[in-house]
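> Compute the structure for the input listed below.
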Amino acid sequence: MLGRLGLSVRTFAFVLMMGTMSLGMPAVSAATQEATPAAETAAAPATETPAAETTAAPETPAAEYSVPDEVEISYSIDSLFLFLSAVLVIFMQAGFALVEIGLNSAKNAVNILFKNTIDFCIGVILYFFIGYAMMYPGADYAGKYFGYAQPNFDAEVSAEDMKGGFSTAPGTLRKLHPQADFLFQAAFCATTATIVSGAVAGRLKFSAYLIYTVFITGVLYPIVGFWKWGGGWLGAAGFHDFAGSAVVHACGGFAGLAGAWMLGPRIGRYNAEGKSIPILGHNLAYATLGVFILMIGWYGFNPGSQLAFSGGGNVTAVCKIAVNTTLAACAGGTVGMLLSWAVFKKPDLTMCLNGILAGLVGITANCDCVSNGESMIIGAVAGVIVMAAIMALDKLKIDDPVGAFPVHGCCGIWACIAAGIFGEKDIVVQTYGAFAIAGFSLVLMLAVFGGLKAIGLLRVSRQEEMEGLDVHEHGMPCYASDSAY
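Okay, the predicted model is just below:
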């Protein structure tokens, strides 16, 4: 049986070989004729057409592939870098939400989560339709206080645009894809809005927060952003705010101060004699996780503000900015722990967490122009400032449940001044520029919150506040146990 099988296999192989040879003969013949010298082919009849001419198939052109040049590669890398940075900044919304619910009562958790969600939704839409146009109106408004020019986010970026670098045409401010640029800028806008959520937690009507969000994302932030980044008067004066300590953080921080001031303290925060009675947060695990998420997001905030990653110079700058950001945060957290230990006789986790955030805000304006050692000094000073500001607000009976104003407002001012002290920027310009943004933000938002208070739309009733905003404002508890501790 095996022998017959072997014979069959050999027979099959022989037939297959013969078939293959017969199929391959024309090709071999053509190849032979091509390679044959002209002297040997001259003996063929004159009327005979060479096989190569009659059997060769028409040649198919090779697929064209355009190898990108250095400019196109840089454009691709930089736009991708900006997109990823925008995603990190958007992720900060989750960090803010966790910090705020962790440092507040469980009965208001849904309300806080909702505010951090909806200010992003409304903020991005408003920034798309009007905010970006106000913030980047183009060269016609250079050095001015206000401007408006509708951009074209669908504009194609040509090779000439890529090579041209910086442009002041509306919607094409940088050598970047306009869609990626918008996403990055919109993420900053939403961050500014959500800073205020923690300062007004526990007693602000949800409808009032929606109205506030419209004003800060559609009016306030685009204006102060134009002053510095859009070519306005502060930019023309040489004011330095690399990633937004004033434009984003001081703007949001002083808006939060306005809200907390107009609202007044939460019920039970101070007794009849005016003594401070802390209202403890319900979950410090959430607060701690939120701070680490914010710190991760800050690597999109600060390094991303370089707006480029291609080329040795940009890589060096981005890496230095990232290290400065980290060192300042760690210094702020360490100082926060030590100070709380000295003052309260116990190390306070919340002071350490706020110290980390203070260091991050304190380095944001100057992270590109200071050394690693100087960044630690800046972060350490921010850690002192935030604790001093928290204690000062307590004395003034201004109730800021998460320390939004001390972290973002006070340390945002410090960051701009530090750029003058350590970063060799004009300290006079740095000082009046920071206070101009802070003052304008405070006055405008005092008007907004004051107006809401005057018409009875600002604060919930005493019963609603005592029982919790989750049930009264949204009809649902955050936790299945329906606990409100």
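
> okay, and for this structure, where does confidence drop off?
Applying pLDDT under 70 to the chain flags the ranges 1-68, 163-175, 481-485.

> and if we set it to 50?
1-53, 166-173, 483-485 (pLDDT under 50).

> Just give me the residue closest to the centre of it.
Central residue of the chain (CA atoms, centre = their mean): Val89, 2.3 Å from the mean position.

> Dihedrals phi and psi, the residue lying closest to Ile90 once chain neighbours are set aside?
Excluding the flanking residues, the one nearest Ile90 by CB to CB, 6 or more residues apart in numbering is Ala187, at 4.9 Å. The C-beta positions use only the backbone N, C-alpha and C, and glycine is treated the same way. Backbone torsions for Ala187, taken as degrees, to the nearest 10, come to phi -60, psi -40.

> Val89 is in contact with Ala187, correct?
Yes: counting by CB atoms under 8 Å, Ala187 touches Val89, with 3.8 Å between them.

> Can you report phi and psi for Gly143?
Dihedral angles (degrees, to the nearest 10) for Gly143: phi 80, psi 10.

> how about the residue lying closest to it once chain neighbours are set aside, secondary structure?
Counting by CB to CB, 6+ apart, Ala236 is the residue found nearest to Gly143 once chain neighbours are left out, at 4.1 Å. Three-state assignment for Ala236 (DSSP: H, G, I helix; E, B strand; the rest coil): helix.

> And for Asp241?
Per three-state DSSP, Asp241 ends up coil.

> Tell me, how many residues neighbour the residue nearest to it when sequence neighbours are not counted?
With CB to CB, 6+ apart as the criterion, Asp241 has its nearest non-adjacent residue at 4.7 Å, and that residue is Ala365. For Ala365, the neighbour count with other CB atoms under 10 Å is 38.

> Distance-wise, check Ala365 relative to Gly403.
According to CB to CB, to the nearest Å, Ala365 and Gly403 sit 19 Å apart.

> Then Leu349?
13 Å.

> Between the two, which has more neighbouring residues?
Each of Leu349 and Gly403 has its neighbours counted (other CB under 10 Å); Gly403 has more, 27 against 15.

> isn't the more buried one right next to Ala388, touching?
No: in this structure, Gly403 is not within contact of Ala388 by CB under 8 Å, at 11.5 Å.

> helices and strands around the helix or strand hosting Phe449, which ones?
For Phe449, the element it lies in under DSSP states H and E is helix 427-454. Contacts defined by 3 or more CB pairs under 8 Å, 6 or more residues apart in numbering; DSSP states H and E place helix 427-454 against helix 206-215, helix 221-228, helix 233-237, helix 251-263, helix 411-421.

> list the buried ones in the third one?
Neighbour-count burial for helix 233-237, counted by 16 or more other CB atoms under 10 Å, picks out Trp233, Leu234, Gly235, Ala237.

> Find the nearest non-adjacent residue to the last one, please.
What that stands for is Ala237. Per CB to CB, 6+ apart, closest to Ala237 is Val429, 5.4 Å.

> ok, now how distant is the one you found from Val386?
On the measure of CB to CB, Val429 and Val386 end up 25 Å apart.

> what touches both of Ala187 and Val89?
Gly300 (CB atoms under 8 Å, 6 or more residues apart in numbering).

> Name the nearest residue to His408, ignoring sequence neighbours.
That would be Gly253: by CB to CB, 6+ apart, it lies 3.3 Å from His408.

> no, scratch that, I was asking about Gly468
Per CB to CB, 6+ apart, closest to Gly468 is Lys107, 2.8 Å.

> right, and the one you found touches Glu465 too?
No: here Lys107 does not reach Glu465: they are 9.4 Å apart, not a contact under CB under 8 Å.

> What are the boundaries of the helices in the stretch 51-200 of the chain?
Taking DSSP state H, counting those that start in this stretch as the test, the helices found in the stretch 51-200 of the chain are 51-55, 70-102, 109-126, 132-135, 159-164, 178-199.

> Show me the one of the ones you listed that comes nearest Ser305.
helix 70-102 (7.9 Å; CB to CB).

> now that closest one: how far from the chain's centre is it?
5 Å (CA atoms, centre = their mean, to the nearest Å).

> Next, the angle from that helix to helix 109-126.
150 degrees (axes from the mean of the first three to the mean of the last three CA atoms, to 10 degrees).

> Identify each buried residue in helix 70-102, please.
71, 74-75, 78-79, 81-83, 85-86, 88-90, 92-102.

> Please list all residues in contact with Phe153.
Counting by CB under 8 Å, 6+ apart, Phe153 has contacts Phe128, Gly171, Pro178, Gln179, Phe182.

> before we move on, what about Ser276?
With CB under 8 Å, 6+ apart, Ser276 has these contacts: Arg269, Tyr270, Asp394.

> State the distance from the second one to Met262.
What it means is Tyr270. With CB to CB as the criterion, Tyr270 and Met262 are 17 Å apart.

> Between the two, point out the one with more neighbours.
Applying other CB under 10 Å to Tyr270 and Met262 shows that Met262 carries more neighbours, namely 22 against 16.

> I'd say the more buried one and Gly451 touch.
No: with contact defined as CB under 8 Å, Met262 and Gly451 do not form a contacting pair (9.5 Å).
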